[in-house]
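S.K.: model this:
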Amino acid sequence: MELDDKNYFSIGEAEKLTEVKPYILRYWEQEFRILRPARRTSGQRKYTRQDIGLILKIKELLYTKELTIAGAKKFLIEEKRKRKKQPELEFGIETQSVDLLKKTKKELEIILDLLK
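M.R.: Here you go, the predicted model:
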């Protein structure tokens, strides 16, 4: 089964893609708050591509890197914090950030004029 052909996967399909048993997937849902597949109206789990990627990451942390559940949680939290950091912009007389700010200012002035 290829990941590209679908947007949502059942727990059986997730098992085939990740080679993780359904009972382990359900346990991981309890342990890792970040892993929360949506539910169909019938109550069946719908795993997204992001969920599949997360399952593979958890599997790597637990089985390959041999972290504990607590260690894997801590690793994922730290990784999430690193991603949330705002990219740094270099400010100076001739930089892209200054150009971007000038362009944004002009657009905001146009919007302000429209609202008057």
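S.K.: any idea of the pLDDT on Lys102?
M.R.: With respect to pLDDT, Lys102 scores 87.
S.K.: what about it, which SS state?
M.R.: Using DSSP: H, G, I helix; E, B strand; the rest coil, the structure places Lys102 in helix.
S.K.: what's the spacing between it and Gly53?
M.R.: Using Cβ to Cβ, to the nearest Å, we find Lys102 at a distance of 38 Å from Gly53. Where you see a C-beta, it was placed from the backbone N, CA and C, and this is true even at glycine.
S.K.: break this structure into its domains for me.
M.R.: The record's domain parsing of the chain by automatic domain parsing lists 3-84, 87-116.
S.K.: looking at the ones you listed, which is buried most?
M.R.: Greatest average neighbour count among the domains of the chain goes to domain 3-84 (a mean of 14), per mean count of other Cβ atoms under 10 Å.
S.K.: longest strand of this protein?
M.R.: When the chain is parsed with DSSP state E, its longest strand is strand 45-48.
S.K.: just how off-centre is that one within its chain?
M.R.: Relative to its chain's centre, strand 45-48 lies at 14 Å (Cα atoms, centre = their mean, to the nearest Å).
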